[in-house]
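Student: dropping a prediction and its sequence here:
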There are 4 protein chains.
Amino acid sequence: MRAAIAGASGYAGGELLRLLLSHPEIEIGALTAGSNAGTALGAHQPHLAPLADRILLDTTADTLGGHDLVFLALPHGQSAAVAAQLGDDTLVVDCGADFRLTDPAAWEHFYGGVHAGAWPYGLPELPGLREGLRGTRRIAVPGCYPTAVTLALFPAFAAGLAEPDVVVVAATGTSGAGKSLKPNLLGSEVMGSVSAYGVGGVHRHTPEMEQNLSPLAGEPVKVSFTPMLAPMSRGILATCTAPAKPGVTAQVLREAYETAAKDEPFLRLLPQGQWPATSMTLGANTAALQVTLDERTGRVVAVIAIDNLTKGTAGGAIQSANLALGLPEELGLPLNGVAP
Amino acid sequence: MRAAIAGASGYAGGELLRLLLSHPEIEIGALTAGSNAGTALGAHQPHLAPLADRILLDTTADTLGGHDLVFLALPHGQSAAVAAQLGDDTLVVDCGADFRLTDPAAWEHFYGGVHAGAWPYGLPELPGLREGLRGTRRIAVPGCYPTAVTLALFPAFAAGLAEPDVVVVAATGTSGAGKSLKPNLLGSEVMGSVSAYGVGGVHRHTPEMEQNLSPLAGEPVKVSFTPMLAPMSRGILATCTAPAKPGVTAQVLREAYETAAKDEPFLRLLPQGQWPATSMTLGANTAALQVTLDERTGRVVAVIAIDNLTKGTAGGAIQSANLALGLPEELGLPLNGVAP
Amino acid sequence: MRAAIAGASGYAGGELLRLLLSHPEIEIGALTAGSNAGTALGAHQPHLAPLADRILLDTTADTLGGHDLVFLALPHGQSAAVAAQLGDDTLVVDCGADFRLTDPAAWEHFYGGVHAGAWPYGLPELPGLREGLRGTRRIAVPGCYPTAVTLALFPAFAAGLAEPDVVVVAATGTSGAGKSLKPNLLGSEVMGSVSAYGVGGVHRHTPEMEQNLSPLAGEPVKVSFTPMLAPMSRGILATCTAPAKPGVTAQVLREAYETAAKDEPFLRLLPQGQWPATSMTLGANTAALQVTLDERTGRVVAVIAIDNLTKGTAGGAIQSANLALGLPEELGLPLNGVAP
Amino acid sequence: MRAAIAGASGYAGGELLRLLLSHPEIEIGALTAGSNAGTALGAHQPHLAPLADRILLDTTADTLGGHDLVFLALPHGQSAAVAAQLGDDTLVVDCGADFRLTDPAAWEHFYGGVHAGAWPYGLPELPGLREGLRGTRRIAVPGCYPTAVTLALFPAFAAGLAEPDVVVVAATGTSGAGKSLKPNLLGSEVMGSVSAYGVGGVHRHTPEMEQNLSPLAGEPVKVSFTPMLAPMSRGILATCTAPAKPGVTAQVLREAYETAAKDEPFLRLLPQGQWPATSMTLGANTAALQVTLDERTGRVVAVIAIDNLTKGTAGGAIQSANLALGLPEELGLPLNGVAP
């Protein structure tokens, strides 16, 4: 099978290529870009030696056509137009936000403009979603923060252990902001400093978290979400808390998480007493998870680490694509972080 | 006036020395240490050129005696014995935890062992505390996290705008853990990685936050506190949230913070729309603060940045010592961060 | 084939395990340690999920025996005694220094104590060495710095283009110093700071560089080597210079490097104008190399990036082990860095 | 005395302001910028609380006029035109390259365009230069790398101990590249990675090093200079080597450096055995220096650490300005680094 990658010069595109280079069943086809079209990939992804001489093409129906699958790693809002030109039998995997939200009102409130619709949501671990991904030809890859937060909290909500009043604070590496040339993303600014941004319920990933958790809770889940930029290139560490339902014990909580993680290849519940670090998951498709009950405040506290570019974007995309293509879900996806 | 520093080879001791070297009214006297006694300071604090040849003495009543003030930067549990041997007319400033908590039960729960008592608490910004610090001869310097969290939330509680159900997630630089030789503090482990620790209501700074905020709230404040270790040497960024009281508006909230910060030299409320970064405060005694009302979830969200070693320890210690000594509160304390 | 790893709780051991987990022909057998024996691997290598529950054994002939190959990742000086107890038909791959140097006088000068001898040197790229590694049962894995410096300069010396008066300055990530609990390796010390160490011709890797290059030069090569510690976990960037022989042109130099790199799977000569960054090689067995002629000073300047733990240690070890075992040299070894 | 700063929104401008805020004799006057004119300084220098509301003016003769001194922190090539409009009695301190080189041919080769001339060179430590700075009304502030390299090697050349065949490799923090929005300066690219640039004798600071050292050597000094970008915001660590003259001993070398450093307030020769780290000098105007004789290769190896923005730019500028204004040379300049 041959895959085209649209947006190959960006960070999501680069990670897709790094993973696909080790994928035994997917061959790398056309690589396209926006303003970088016409240049060699090696100028943008110097870590990908085997593809260094590939010339980036324009992102068009023409260049993307004729592939078995197409990964879209485009700025938000550009995927719908491109996808419309690709045949229904082509697997289209959108790493952008365009097709994630089911609620047009949420889309308009957080993104503005017209809602493009919703595609099967590429988070196989979320109860009920895996089967729908098998054989699909359209996949909306979850946002990086929603991936982390949903994986951290779905066991509690699925087991009816948490109240729907969620508070999340998460630190991300700078690659989560992409390659945009903004002063606050310069190395001089980010090294040695943690900063807050998107505070106060305005981050666009917020409704996606609520959309994932509310059906499990059986009531609307509200998430107070605060992201932080940390001085590292990759990784998300999310602290996710919610009041425990009355009567929930630490043991019941632990068992719910053990049950949820048991058969999930990429959801790793750490032994009690060990807490996640993003280095555990660097470059890997694994989420490292721990949970506890804060008896003093009665809150469930789940902490999760993922690599925002791997499980949080490109790895998650390939995991769902594997399902869509009838391949083993784990094929070609690294389990182990690169550490130290 | 001459100051002795006990624990001069550690990070808190080093920061005290760096600041005192620029203090116009305090001269540096004896420097003492534990296992490093007998070695030159330059081996432990190579950034302090003028003191490089000073030999570290043992920490005894003898070496610390005969000074106008003594800063204790000792491991928890060691301050009481040392302080008992210093005269009542010597100003003793304890950077450790020994005399911070007023409630013996909280001490025993979080620290274990016998409660040594409580000294005047060195956070002049907390309503009601500044006057009690003038002329005192004993000061308990607040913990670094409680400094950040208290400064971030006291305006809301003092104005009656927040419910007492607080959730705090804070990232700290590694110097907050001191110079202890633990594998998880090695550069190889911390660089490129954010990790969680002390999760689930077990961090020792938790009761101190509650002790500071409860009197302002007029009811017991409960804090769910989760700390994270971030890949930087210095700095704390704390996201502090609590449900807003019914009817609180964004404008009322802003005004409460503007009132609280107006006359505080080290509490800097940022212009609306600008969010704190720890680099703003690196090496400075300033706290950079922002607040908003998340209308969707009804939560007050305050974010604050401090340097854990400066405002969070040594700078805060000198600020309170200035008050105790009848000096201008701001004397010798840098206002501006070293950035980028 | 089954491999035992002695020293599995250290950084070199961890990287061996990370790579072997993806190696299709080598199965992971016994894991041993020194003072960490008896504990679970997950406490020391939390990024290696599939091995988290493995208990570390003592490093003895007994625990290491019965494997097809044994990787030794032990402190210098410990390999000889262990190796002596392993049968001649067991492939023993020593990641330590014990068997690298051929000259007893150099050993005694730089390491002290008795010289254990020399084993086939595991740098297949060095002209003349690859064949000797096929079928061998003893391999001395090169030091990380000598790997970088030798790969950077052998093309120039093999082609007779450089004078034997070499100056090398190289920056390394902190994992090069291992997991030793030293104050100068704490995250607080290394982040935000570059420092020098081992200056003035005293670093133990110096004679190994000279040993590698002198035979190619046909005369004794002298290396002035200065290492630096950089604020990153992994990676070596080495700037290697030597006076060009009279008459050498930029084109002749380029061609010599192109020839040398042409058939080497792990030696990547970058396109002219692109310079190495360690991120290109993070977690990969690739060396990224560039060379130029400084016409003003008449010096050859070669710059190379490797991952000190991969190509510089564990990856290089597996590459040579593949040859020894009759497997394809590149088997199981990643080509592409994890970036950004 | 009042100072205007042209280029106040950049890194050099920000560091000038940070230092001037603590300078007892220089008041901060007009702040000007290029494309940032019209915006508040707080948006660009959020660490400088007292100046946050200052509006940046256009850089014109008008806005800069009427000050006792003017600091120019402008892109190369813009200083001459601005300076020409400022009166001869105004002290003009140029942090750019325009007036550093005395040799028009060197200017044209490395910078291109017309040579603007040369001003008194602001490196008071360089033998013979201090007196010429007293009372001057024009100062060319040295480049950051030439500051480091010259301070590291002038003692050897002034004492006739080194051959003029210099090899320098230096690592710099990213602020050395300024605030330019280039992909390779993004945090995601620089964190966790050391990279080379400007290799092969093409870096523009090279002729400045040669210009400084040649007169002391009494013959033309040639410098092979290779810079590296390190994952930190500030700091330069330069390894500077040259062959020792015949007969030079370690003791003679040490004594020459001790003599050179003895009366220099900002040149700190470390005790033997201690090597520089950039953290020793972070935010300080101090250079930390060490030297040794590599007996094996016969080379002098000097290693130096400075903060590129402080001693390497803004601090050096103020140090020379102090001399020009008849103030104590050290006035307002921090001696001690901010560490850890």
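Tutor: Structure received.

Student: what residue in the stretch 1-150 of chain A comes nearest to chain D?
Tutor: A:Tyr11 (6.8 Å; C-beta to the nearest C-beta). Where C-beta positions appear, they are placed from N, C-alpha and C, glycine not excepted.

Student: okay, that residue and A:Ala33: tell me how far apart.
Tutor: Using C-beta to C-beta, to the nearest Å, A:Tyr11 is found at 13 Å from A:Ala33.

Student: of the two, who's got more company?
Tutor: Higher neighbour count among A:Tyr11 and A:Ala33: A:Tyr11, with 28 against 24, using other C-beta atoms under 10 Å in any protein chain shown.

Student: from what I see, the more buried one and D:Ser188 are in contact.
Tutor: Yes - look at A:Tyr11 against D:Ser188 with C-beta atoms under 8 Å: they come within range, at 6.8 Å.

Student: who touches both of the two?
Tutor: Listed as contacting both A:Tyr11 and D:Ser188 by C-beta atoms under 8 Å, 6 or more residues apart in numbering or on different chains are A:175, A:179, C:340.

Student: and the first one, that's in a helix?
Tutor: Yes - the secondary structure assignment for A:Ser175 places it in a helix, going by DSSP: H, G, I helix; E, B strand; the rest coil.

Student: so A:Leu270 versus chain B, what's the distance?
Tutor: 10 Å (C-beta to the nearest C-beta, to the nearest Å).

Student: I figured that residue was touching A:Ala287, is that so?
Tutor: No - in this structure, A:Leu270 is not within contact of A:Ala287 by C-beta under 8 Å, at 10.5 Å.

Student: what does the stretch 1-150 of chain A put close to chain C?
Tutor: Proximity of the stretch 1-150 of chain A to chain C, by C-beta under 8 Å from any C-beta of the partner chain, involves residues A:11, A:14, A:18, A:21-22, A:42-43, A:45-50, A:52.

Student: now do the strands in the stretch 201-340 of chain A.
Tutor: With DSSP state E, counting those that start in this stretch, the ranges of strands along the stretch 201-340 of chain A come out as A:222-229, A:236-243, A:267-269, A:287-294, A:299-306.

Student: how about the ones you listed in a markdown table, adding distance to chain C, mean pLDDT and mean neighbour count?
Tutor: Shown next, in a markdown table, are the strands of the stretch 201-340 of chain A (distance: least, C-beta to the nearest C-beta, whole Å; pLDDT from 0 to 100; neighbours: other C-beta atoms under 10 Å in any protein chain shown):
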| stretch | distance to chain C | mean pLDDT | mean neighbour count |
| --- | --- | --- | --- |
| strand A:222-229 | 14 | 98 | 26 |
| strand A:236-243 | 14 | 98 | 28 |
| strand A:267-269 | 5 | 98 | 21 |
| strand A:287-294 | 8 | 98 | 25 |
| strand A:299-306 | 10 | 98 | 30 |
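
Student: now these in TSV, with distance to C:Val168?
Tutor: TSV is the format used below for those (distance: least, C-beta to C-beta, whole Å):
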stretch	distance to C:Val168
strand A:222-229	37
strand A:236-243	38
strand A:267-269	42
strand A:287-294	39
strand A:299-306	38
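
Student: indicate which one of the ones you listed is closest to A:Gln251.
Tutor: With respect to A:Gln251, and counting by C-beta to C-beta, the nearest of the strands of the stretch 201-340 of chain A is strand A:287-294 at 9.1 Å.

Student: from the contact counts, what lies against the closest one?
Tutor: Packing partners of strand A:287-294 (3 or more C-beta pairs under 8 Å, 6 or more residues apart in numbering or on different chains; DSSP states H and E): helix A:144-158, helix A:250-261, strand A:267-269, strand A:299-306.

Student: let me have the ones you listed in TSV, extended by distance to chain D.
Tutor: Converted to TSV, these look like this (distance: least, C-beta to the nearest C-beta, whole Å):
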stretch	distance to chain D
helix A:144-158	14
helix A:250-261	29
strand A:267-269	23
strand A:299-306	17
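
Student: just the ones you listed: most buried one?
Tutor: strand A:299-306 (a mean of 30; mean count of other C-beta atoms under 10 Å in any protein chain shown).

Student: which helices and strands does that strand pack with?
Tutor: On a contact count with 3+ C-beta pairs under 8 Å, 6+ apart, strand A:299-306 meets helix A:144-158, strand A:236-243, strand A:287-294, strand B:222-229.

Student: okay, A:Gly77: pLDDT?
Tutor: Listed pLDDT for A:Gly77 reads 88.

Student: so who does it touch?
Tutor: The contact partners of A:Gly77, taken as C-beta under 8 Å, 6+ apart, are A:96, A:98, A:111, A:113.

Student: how near is it to A:Ala116?
Tutor: 8 Å.

Student: and for the two, which residues touch both?
Tutor: With C-beta under 8 Å, 6+ apart as the test, A:Gly77 and A:Ala116 both reach A:Asp98.

Student: returning to that earlier point: which one is the residue of the stretch 1-150 of chain A closest to chain D nearest to, not counting chain neighbours?
Tutor: A:Ser175 (4.7 Å; C-beta to C-beta, 6 or more residues apart in numbering or on different chains).

Student: next one: A:Phe110
Tutor: A:Arg204 (4.6 Å).

Student: and the one you found, what pLDDT?
Tutor: We have a pLDDT of 97 for A:Arg204.

Student: got it, and A:Gly113?
Tutor: 89.

Student: just A:Gly298 next, same as before
Tutor: 98.

Student: ends of stretch A:71-90, how far apart?
Tutor: The first residue of stretch A:71-90 is 10 Å away from its last residue (C-alpha to C-alpha, to the nearest Å).

Student: helix, strand or coil for the closest residue to A:Gly218 other than its chain neighbours?
Tutor: Once flanking residues are discounted, A:Gly218 sits nearest to A:Gly160: 7.9 Å by C-beta to C-beta, 6+ apart. State at A:Gly160, reduced to three classes by three-state DSSP: coil.

Student: tell me which parts of the stretch 201-340 of chain A are close to chain D?
Tutor: So the stretch 201-340 of chain A meets chain D at A:231-233 (C-beta under 8 Å from any C-beta).

Student: going by neighbour count, which residues in stretch A:12-28 are buried?
Tutor: Buried residues in stretch A:12-28, defined by neighbour count with 16 or more other C-beta atoms under 10 Å in any protein chain shown: A:12-21, A:23, A:26, A:28.

Student: out of those, which are inside helices?
Tutor: The helices, defined by DSSP state H, take in A:12-20 from the buried residues of stretch A:12-28.

Student: let me have these in JSON lines, extended by pLDDT.
Tutor: Supplementary listing: those in JSON lines, determined by pLDDT from 0 to 100:
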{"residue": "A:Ala12", "pLDDT": "98"}
{"residue": "A:Gly13", "pLDDT": "98"}
{"residue": "A:Gly14", "pLDDT": "98"}
{"residue": "A:Glu15", "pLDDT": "98"}
{"residue": "A:Leu16", "pLDDT": "98"}
{"residue": "A:Leu17", "pLDDT": "98"}
{"residue": "A:Arg18", "pLDDT": "98"}
{"residue": "A:Leu19", "pLDDT": "98"}
{"residue": "A:Leu20", "pLDDT": "98"}
